[in-house]
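1. Give me the fold of what follows.
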Amino acid sequence: MASFRSCIDEAASKGEITPEVAERARKTYDQANASASEAFGPADADRHAADAVMRQLELDAVEAQRRRAMMVRSRTQILDDVAAYKRSRGALESRIRAPTLMDRLLGRKPPEPPIPASPDGGDGEGAGRALFGRALELLVENKPGLSGAPFPSIEGRYRAVRGRADAMMASVIERFESRTGFDKPGRAELTNLVREAFGEDTGDAAAKMLASAWAETAEHLRLQFNAAGGSIGKIDNWGMPQAHDSLSVRRAGREQWIAAVFPRLDRSKMIDETTGQAFTDTSLIRALGDVWQSVATEGRTAPRTISHTGLSALAKRRSDSRFLVFKSADDWLAYQQTYGDADPFSTMMGHTDEMARDIAQMQILGPNPSAQWSWLTKAARAEAALEEAAGKKGAIDQAESYVSTAETMLEHFTGSVSSPVNSKLSQFGASARALATSAQLGSALLSDIPTAPIYSAYARAFSGLSRTGDFGRLIALLNPTDGSARTTARRSGFIIEGATDGMVRATQDSLRMLTVGDRMDAGLNAFARRAPVAIMRLQGLSAWDAARKRSFQSEFMGALHDRRSQTIAEMRKGDGEDRAFASFLSARGFTDADWAIIRSAPVWEPVPGAKFLRPIDVADDDLALRLGEAIDLETRLAVPQGSLWTRAKLLGETRPGTVAGEMRRSWAQYRSFSLTTTHLWVEEMALRGQAKGLTPLVSTAAGIAPLVLFLTIGGGLSIQLRELAKGNTAKPIDEPRFWMAAMLQGGGMGVLTDAIYAAEARNGKASQSAAFGPAGQAIADLYDATLGNVVSTTEAMRKGEDFNNALAKADTGRDGVKLLRSWTPGTNLWWTRAAWNRAVLDQLQRLVDPEAEEDFQRRRRRLERENGQGQWWPAGHPLPAD
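-> Below you'll find the model as predicted:
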């Protein structure tokens with residue numbers, strides 16, 4: 001009698017089932033038959049395996065049908081959103097349509113409507129040239145104001161989902177988040193939290209409460225993931241996810257790793273999905289071998305046991321990550337100590353972040369994001385070809401540019417271009433950039449404070465909020481002695497960012513990616529990873545940045561509450577702030593029906609008299625996430641920060657661990673802010689001017705001119721504050737070069753301001769080396785202090801100087817002190833910079849440089865001659881001048 005497996009082969013050979021289904025059936029049969037053979041004879045084992053195959057194929061068919069329906073619904077929604085965006089930009093109708101039900105039943109293609117002509121007969125953006133491609137950029141990451149699109153984006157949805165999760169876990173974050181970047185508070189209590197999460201009673205009431213918050217958050221994310229097309233089963237007392245260290249797993253080898261993990265697993269909670277029964281020894285060892293293969297190769301080889309052939313990899317990914325279920329907290333902790341991340345808080349936050357990213361992709365693109373994205377990019381290119389054929393010159397090239405940028409943005413979102421090619425080179429480059437941040441940006445707060453109110457005032461005016469803002473709330477959020485305002489803000493439903501500066505987050509992301517397969521707490525990498533966070537917090541920039549964001553978000557939620565009695569139509573007839581608020585709602589795609597649901601949400605009153613409407617309290621879940629994203633977008637206009645678009649333009653598809661990738665990352669390190677603000681504000685001003693009937697050129701100039709003026713004034717104040725922090729007096733303001741430098745400083749290009757005053761850039765480095773970013777500066781400094789002095793000494797000795805004289809003339813000691821001055825982390829904090837340089841480093845230079853006094857005098861004379869400045873704390877003096 002033929003086995004059921006031969007029936008599978010026969011059906012596949014006749015084309016009765018697809019190759020994918022056949023492969024899935026064979027794997028299921030082989031695994032089920034192997035398990036059943038341990039308890040039954042060949043015939044009974046074959047029958048049990050056949051039953052397992054049929055059950056699995058039925059489940060697969062139902063799940064595949066559900067996901068196909070969700071994919072069609074997502075695609076239809078995206079095309080409707082793209083059509084709405086195109087209408088807002090002057091096009092009349094979408095030219096790529098999703099098939100209707102009747103189209104599918106009849107097997108026909110949907111009709112393609114004619115391409116609408118531009119009202120003025122031109123071929124500009126108003127005519128709809130390549131707007132589908134442009135919409136894909138905004139689908140990955142939307143923009144605030146009028147320059148954005150009336151639909152949600154992947155990045156925005158991630159931030160909204162993550163924000164809700166952070167609010168649910170606020171008590172956990174407050175208890176265990178690092179305060180300085182180097183400390184790890186409450187780790188004893190954190191161990192009790194882990195035990196409580198595994199269902200163990202520790203008697204620690206606080207840990208039980210925190211474990212409950214974690215469990216509720218993890219369950220919320222599981223349900224969100226499943227609702228978006230995933231398939232994660234519920235496990236009672238699941239505990240914690242695993243954060244595998246692939247290098248440790250790979251070094252252990254398959255047999256040693258399986259031997260270490262096997263006795264720690266709770267097999268009663270691990271069901272063999274191919275049989276529906278608990279694993280046998282043989283089947284579990286086989287499954288663990290597949291897990292080892294997947295972890296050791298960092299996912300390059302999919303495990304056979306826990307992946308569904310033919311189904312969405314993303315929809316199954318999180319189910320796979322829960323495959324290992326440990327018996328107890330001790331077993332989990334022991335595994336993490338040896339083969340994972342030893343810090344449970346880091347594991348929890350990493351799981352939350354990754355779940356939010358996956359949920360965002362699936363909610364926007366459907367259960368199979370990669371397939372959906374591929375279809376959308378092809379559709380955008382196809383529509384551009386139709387436009388080009390209809391006379392829209394340049395449509396194909398424009399679409400290709402948009403689509404290419406969008407694809408790169410998505411790659412940066414998923415991290416697919418962040419994995420290193422050469423881990424050693426990548427680790428060196430990322431550590432160097434992190435150390436440069438901690439050594440050079442200790443006074444960044446002085447650059448931000450003078451210009452921050454300008455961005456905030458514009459953003460408030462655009463959104464219908466008060467231009468002046470709530471200064472009292474900002475002060476309360478900054479109050480170091482009373483954290484109640486910050487505690488309330490963390491529960492408002494917006495993302496809680498530990499490292500709030502955009503560049504610090506980029507550094508953290510890079511280090512997180514490059515240390516997959518390496519221990520996070522080892523050596524220079526660990527110090528470099530934490531140092532930028534510590535510097536941003538020590539100078540006050542993190543607190544300032546977070547307070548500005550939370551203050552703006554609170555004002556927005558207050559405005560939602562204050563206008564809950566008005567309809568959108570009534571707002572349009574109100575004062576300027578009401579009209580601006582109505583414009584904000586329309587720009588983000590909210591209809592009258594949407595607003596009716598939003599304003600019916602319950603009032604949140606964390607303290608008496610302070611009434612807000614939180615997005616997370618809106619009854620409709622999708623609408624709540626859209627509103628959270630919309631407010632977050634406007635916050636990013638008020639508090640500019642790095643974006644996926646900026647990273648795509650600056651870094652492209654280069655990967656860390658390559659020469660090109662490391663060079664571009666170094667060059668781009670301090671340039672993201674200026675590019676981000678330019679990208680945000682130029683188009684925004686142009687569109688707002690056009691809404692008033694101005695031409696694009698006039699509207700852009702009319703909007704940008706006053707902004708540049710205000711930022712120039714703020715930049716000038718920043719320059720003076722930084723000079724005072726250096727120990728110098730203020731620069732003369734009656735020179736054109738001062739105002740040119742102020743304009744650059746206000747626009748985020750402070751790296752160029754010193755070049756205006758002299759032929760040298762920041763930190764005394766030649767402009768050519770500074771142009772290559774911190775790496776170029778570091779190489780030049782290191783060369784001067786080492787090989788450069790060797791060359792100088794050798795050259796002097798060739799001319800007849802003895803060694804001691806030649807060495808003295810080489811300025812070895814001076815260059816060594818200069819290296820310390822430029823590259824010691826934390827030494828340029830605005831409140832210690834002058835004291836460190838004058839009282840410590842200048843005195844050290846006296847010890848190692850025989851011509852130190854002459855050097856101090858030259859520096860003072862050059863400052864007076866070139867910049868017209870004096871020094872309130874003169875170079876070489878251990879104390880300030882009288």
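2. can you tell me how far Arg179 sits from Asp594?
-> In this structure, Arg179 and Asp594 are 40 Å apart, going by CB to CB, to the nearest Å. Bear in mind the C-beta positions are built from the backbone N, C-alpha and C, glycine included.
3. Of those two, give the one with the bigger neighbour count.
-> Asp594 (19 against 11; other CB atoms under 10 Å).
4. so that one is in which element?
-> Here Asp594, judged by DSSP states H and E, is contained in helix 592-598.
5. Next: Gly90.
-> Assessed by DSSP H and E, Gly90 sits outside every helix and strand.
6. per-residue confidence at it?
-> You'll see Gly90 listed with a pLDDT of 76.
7. likewise Ala313?
-> 55.
8. Identify the residue nearest Arg846 in space, chain neighbours excluded?
-> Nearest non-adjacent residue to Arg846, counting by CB to CB, 6 or more residues apart in numbering: Ala852, 4.6 Å away.
9. Wait, the one you found touches Gln843, no?
-> No - using CB atoms under 8 Å, Ala852 makes no contact with Gln843, being 9.1 Å away.
10. Look at the two and report which has more neighbours.
-> Under the criterion of other CB under 10 Å, the comparison of Ala852 against Gln843 puts Ala852 first, with 20 against 14.
11. What are the boundaries of the strands in this structure?
-> 271-272, 277-278, 604-607, 610-612 (DSSP state E).
12. Output these in JSON lines; the columns should cover mean pLDDT and distance to Lys573.
-> Converted to JSON lines, the strands of the chain look like this (pLDDT from 0 to 100; distance: least, CB to CB, whole Å):
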{"stretch": "strand 271-272", "mean pLDDT": "73", "distance to Lys573": "61"}
{"stretch": "strand 277-278", "mean pLDDT": "69", "distance to Lys573": "67"}
{"stretch": "strand 604-607", "mean pLDDT": "92", "distance to Lys573": "28"}
{"stretch": "strand 610-612", "mean pLDDT": "93", "distance to Lys573": "24"}
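13. Can you add distance to Thr191 and give these back as a markdown table?
-> As requested, the strands of the chain are exported to a markdown table (distance: least, CB to CB, whole Å):
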| stretch | distance to Thr191 |
| --- | --- |
| strand 271-272 | 29 |
| strand 277-278 | 30 |
| strand 604-607 | 31 |
| strand 610-612 | 36 |
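14. Dump those strands to TSV, plus mean neighbour count and distance to Leu829.
-> As requested, those are exported to TSV (neighbours: other CB atoms under 10 Å; distance: least, CB to CB, whole Å):
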stretch	mean neighbour count	distance to Leu829
strand 271-272	18	56
strand 277-278	14	59
strand 604-607	14	34
strand 610-612	17	35
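15. so which of those comes closest to Glu38?
-> Each of these has some distance to Glu38 by CB to CB; the shortest is strand 277-278, at 11.3 Å.
16. which stretches of the stretch 701-850 of the chain have low pLDDT?
-> Within the stretch 701-850 of the chain, the segments meeting pLDDT under 70 span 751-773, 775, 807-809.
17. which ones are touching Tyr158?
-> Contact criterion CB atoms under 8 Å, 6 or more residues apart in numbering gives 356-357, 359-360, 413 as the residues in contact with Tyr158.
18. change it to 7 Å
-> Each residue near Tyr158 by CB atoms under 7 Å, 6 or more residues apart in numbering is listed here: 356-357, 360.
19. Scan those and report the most crowded one.
-> Within the contacts of Tyr158, most neighbours by other CB under 10 Å means Ala360, with 27 neighbours.
20. Hmm, Arg157 and that one touching each other?
-> Yes - with the criterion set as CB atoms under 7 Å, Ala360 and Arg157 qualify as a contacting pair; they are 4.0 Å apart.
21. Can you tell me which of the strands of the chain is nearest to Pro369?
-> Ranking those by their distance to Pro369 (criterion: CB to CB) puts strand 271-272 first, at 27.5 Å.
22. neighbouring strands for the closest one, and are they parallel or not?
-> For strand 271-272, the paired strands and their directions (DSSP bridges) are strand 277-278 (antiparallel).
23. Spatially nearest residue to Leu221 (excluding sequence neighbours)?
-> Leaving out its chain neighbours, the residue that sits closest to Leu221 by CB to CB, 6+ apart is Met355, at 4.3 Å.
24. how many neighbours does that neighbour have?
-> Other residues close to Met355 by other CB under 10 Å number 27.
25. try Thr180
-> Residue crowding around Thr180 was assessed by other CB under 10 Å; the count is 11.
26. any idea how far Ala243 lies from Gly340?
-> 5 Å.
27. tally of neighbours for Gln566?
-> Residue neighbour count, defined by other CB under 10 Å, stands at 17 for Gln566.
28. Torsion angles phi and psi at it?
-> Here is the backbone geometry of Gln566 (degrees, to the nearest 10): phi -110, psi 150.
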